[in-house]
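[1] Provided below for reference: sequence and predicted model.
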Amino acid sequence: MKKHTYFLISCLVILFSITTSYAQDKEAKITLTFKKIDSVNVCKAFVTSEGQPVIEVPVNLSVKRLFAKLPIGDAIATDSTGVATFEFPNDIPSKNGKLTLFASIVDDENYMNSETSGEVNWGTVVVTDNSNIDERSFSAGRDRAPIYFITISLLILGLIWGTLLFAVLQVFKIKKLGKIQEIKE
Amino acid sequence: MSKNINKHETFTQEEYMVMKNDLLRPIAKIGKAGKIWIAFLVVVLLAGIVAYIIQETKSKYVTTSLRDYTMWGIYISNFLFMVAIGLVGVLMSAVLKLTNFEWYRPLSRIAEVIAIGAIMFGGISIVVAMGRPDRLLNLFIHGRIQSPIIWDVIGISTDLAACIILLFIPLIPSLVTCKNHLKNLPKWQLKMYNMLSFGWQGTPEQWEILKKTMKVLTALVIPLGVVICTITAWLFATTLRPEWDSTNFGAYFVSNAFLLSVAVMTLATFVFRKAYNFEKYLTEMHFDKLGQALVLMALIHGYFNVNEYLIPAYKMSGLHENTLLNLFTGKEAAFYWSVVIFGIIVPILLPLFPKMRKPLPLTIISIVVLIAGWFRLYLIVIPGLLHPYLPIQDVPESWTHYFPSVVEMTVVAATFAGVLLIVTLFSRYFPIISVWEVAEGELEGKEEIFNYK
């Protein structure tokens, strides 16, 4: 009996895998729209499949950063009209104010992975004050070390290594005195 | 006073000859035990070299236990230990010499050789710990003078140079003594003595120059040694980790170094006394004095230890809580309290009893202090790294703890073998106790020393 149960479960698992893999074959298309409603940035992801809106499919929103994509909150499922609505924060830094947003469906039971992107002008331009970049400071690069620090450092090193050099020269002085003594003897 | 005068008056040329024979005996003949010891050290050193080659040729992720958090492992804690031991030359030679403690005389050269070996292998420990040793040169080419790392490199190389010169200059008269009295040595060895003795004739002018130069260098190595230890402490104090966030760190490291220096000096004195039959020169008086010094240094270090741990523990601020509780009652508690007991309390209490300041008991205490001292530095480096400001989250399991790999342990063992090999080989080719300095002590600096060539 146990053997039969094992065989039955194996068949069911294989059948389930085949069904889900076929189910995942459905393609979903995401369209992104951006709007500003009462100073709130709203991003809408409209999901369709074969021309029909797709409901209750989780959509992830993320924004492109230097090395990877930064997720914006948790995934939001599409409503009865096939739209997932995201409130987009207004403090994401950007060089020129432009941000690249990505909406994606990942590991869904029914739909294949899908992703779309759009560019929007919602970034906060970062203003950096680099006017002191050429100033000499303790935290600056090697060529911008404070003059007083370089002077003191060189002075200390010069004094110490000077003393060591003096000591070495004394050894040669000892040698010279030895030679003189030898001649005398 | 009258006793002293009598003593000096009785120190004759014959006695000087006996002393010379005694102190030069280890150079004249190397026994079987000595050869086995040297071979053992060479084998351990070679094993370390092989381990290092394996480390550099295979992935360090496989050969070492170093990870993102514990990027400094036993290589760096061993480096701290070596730097601490390196202060032995400062304490046992320079400080005692300048403060006219006469009992330094037979100890000074032993201390200086240990210091040179320790500083040398301390520097090697850093290179071994480097992720990209092939970029070592960049440290000099592109280094920032504002960085404590650069100052550590400068400090170590300068101190090493100073210690070598300070060892060499008082050695010059001893080399002539070797050349004149050890005739049965191989020719190359006699040639080496002749070459390195720089035409020493023992004239009053030569003695004057030698003494003056020694005094200048002796005064120089004290601040240098203290500076190296302090800069090493600053490497930690300037790195963002709660355990190292301390203004006390420089003094804490220096006091630890002085304590370990006394311990290593005691151990070395015991070994040389036994191995070379130097009982007449390394006397029980030396152990008595070293025992007293051990108590003093342990008290000073204990004081800084209270500052280092008890005061932050009293406040127990959020940042320190994590790391301090780990040491006091957490995972490392047994380790931490063993180090406090054996590394500080034992050397404070036991040598207070005169019986414990005898050679064997004091040597055992010193070995315990040295082992505890090594682990104290381990406890500064590893738990400090494993308790960063931001909690460790979502990382591979191997990043959250550290236990040294076989490769790391072999390399560290090789550094110890290296130091011991330097000291052993030096004592086999050069007088490990300065004949003229000991004789001078007997004569209380009288002019007669010039006649004892």
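    Good, I have the coordinates.
[2] C-alpha from now on. contacts and neighbour counts both.
    Fine.
[3] all helices of chain A, in order?
    Counting by DSSP state H, chain A has helices at residues A:2-23, A:147-184.
[4] residue ranges with poor pLDDT in chain B?
    Chain B contains residues with pLDDT under 70 at B:1-12, B:443-453.
[5] pick out the residue nearest the middle of it.
    Computing the C-alpha centroid of chain B and ranking residues by C-alpha atoms, centre = their mean puts B:I85 first, at 2.3 Å.
[6] what's the burial count for B:E397?
    7 (other C-alpha atoms under 10 Å in any protein chain shown).
[7] what does B:F278 give?
    Residues contacting B:F278 under the criterion other C-alpha under 10 Å number 18.
[8] what do you get for B:A162?
    25.
[9] and if you look at B:K358?
    Count around B:K358 with other C-alpha under 10 Å applied: 19.
[10] look up how far chain A lies from it.
    Separation of B:K358 from chain A (C-alpha to the nearest C-alpha, to the nearest Å): 39 Å.
[11] now do the domain split for the chain, please.
    I went with chain A, as the question did not name one. Domain assignment for chain A by automatic domain parsing gives A:24-125, A:146-184.
[12] not quite, go with chain B.
    Per automatic domain parsing, the structural domains of chain B span B:1-232+B:405-453, B:241-387.
[13] what's residue 161 in contact with, if anything?
    Just going to use chain A. By C-alpha atoms under 8 Å, 6 or more residues apart in numbering or on different chains, the contact set of A:W161 is B:T158.
[14] let me rephrase: I mean chain B.
    Listed by C-alpha under 8 Å, 6+ apart, the contact partners of B:A161 are A:L164.
[15] confirm that it sits in a helix.
    Yes: applying DSSP: H, G, I helix; E, B strand; the rest coil, one finds B:A161 inside a helix.
[16] so which of the helices of chain A is the most surrounded?
    Highest mean neighbour count among the helices of chain A (mean count of other C-alpha atoms under 10 Å in any protein chain shown): helix A:147-184, with a mean of 15.
[17] closest one to B:V395 among the domains of chain A?
    Closest of the domains of chain A to B:V395 is domain A:24-125, at 18.2 Å (criterion: C-alpha to C-alpha).
[18] just the mean pLDDT for the closest one, thanks.
    Mean per-residue pLDDT for domain A:24-125: 92.
[19] on that earlier part again, okay if I get the domains of chain B as JSON lines plus distance to A:T33?
    Below are those laid out as JSON lines (distance: least, C-alpha to C-alpha, whole Å):
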{"stretch": "domain B:1-232+B:405-453", "distance to A:T33": "42"}
{"stretch": "domain B:241-387", "distance to A:T33": "46"}
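[20] okay, now the spatially closest residue to A:V42 that is not a sequence neighbour: neighbour count?
    Counting by C-alpha to C-alpha, 6 or more residues apart in numbering or on different chains, A:V42 lies nearest to A:E87, which is 4.8 Å off, once chain neighbours are set aside. Close neighbours of A:E87, defined as other C-alpha under 10 Å, add up to 15.
[21] separation between A:T81 and A:Q52?
    Per C-alpha to C-alpha, to the nearest Å, A:T81 is found 9 Å from A:Q52.
[22] out of the domains of chain A, deepest packed?
    Most buried among the domains of chain A, counting by mean count of other C-alpha under 10 Å: domain A:24-125, with a mean of 17.
[23] so which residue of chain A comes closest to chain B?
    Nearest residue of chain A to chain B (C-alpha to the nearest C-alpha) works out as A:R142 at 4.3 Å.
[24] contacts only, for B:N78.
    Applying C-alpha under 8 Å, 6+ apart to B:N78 gives the contacts B:122, B:125, B:374, B:377-378, B:412.
[25] among these, which one lies nearest to chain A?
    For these, the residue nearest chain A by C-alpha to the nearest C-alpha is B:G122; the value is 21.0 Å.
[26] which element, helix or strand, includes the closest one?
    Element membership for B:G122, per DSSP states H and E: helix B:108-129.
[27] how about residues contacting that helix?
    Applying C-alpha under 8 Å, 6+ apart, the contact partners of helix B:108-129 are B:52, B:72, B:75-76, B:78-83, B:85-89, B:92-94, B:133, B:136, B:156, B:160, B:163-164, B:167, B:265, B:268-269, B:412, B:415, B:418-420, B:422-423, B:426, B:432-434.
[28] close to chain A: what parts of chain B are there?
    With C-alpha under 8 Å from any C-alpha of the partner chain as the criterion, chain B comes near chain A at residues B:142-146, B:158, B:161-162, B:165, B:169, B:198-201, B:203, B:205-206, B:209-210, B:213, B:216-217, B:220.
[29] show the buried residues in the residues you listed.
    The neighbour count (16 or more other C-alpha atoms under 10 Å in any protein chain shown) marks B:143-146, B:158, B:162, B:165, B:169, B:198-201, B:206, B:209-210, B:213, B:217, B:220 as buried among those.
[30] next step: those residues restricted to helices.
    B:158, B:162, B:165, B:169, B:206, B:209-210, B:213, B:217, B:220.
[31] mind picking the two most distant members of those?
    Greatest spatial distance in those: B:T158 and B:Q206, 26.0 Å, computed using C-alpha to C-alpha.
[32] kindly report the residues of chain A close to chain B.
    Within chain A, the positions lying close to chain B (C-alpha under 8 Å from any C-alpha) are A:138-139, A:141-143, A:145, A:149-150, A:160-161, A:163-164, A:167-168, A:170-172, A:174-179, A:181-182.
[33] swap the cut-off to 10 Å and go again
    A:137-146, A:149-150, A:153-154, A:157, A:160-161, A:163-182 (C-alpha under 10 Å from any C-alpha of the partner chain).
[34] point me to the residue of the stretch 251-400 of chain B nearest chain A.
    B:D394 (17.1 Å).
[35] assign that residue to helix, strand or coil.
    With three-state DSSP as the basis, B:D394 sits in coil.
[36] what sits against it?
    Contact analysis of B:D394 by C-alpha atoms under 10 Å, 6 or more residues apart in numbering or on different chains lists nothing.
[37] ok, so what distance separates it from B:A118?
    Noted for B:D394: a distance of 40 Å to B:A118, by C-alpha to C-alpha.
[38] cool, B:Y75 as well?
    From B:Y75 over to B:A118 the distance is 14 Å, taken as C-alpha to C-alpha.
[39] next, the spatially most central residue of chain A: phi, psi?
    With distances taken as C-alpha atoms, centre = their mean, A:F67 lies nearest the centre of chain A, 4.2 Å away. When read as degrees, to the nearest 10, the backbone of A:F67 gives phi -110, psi -30.
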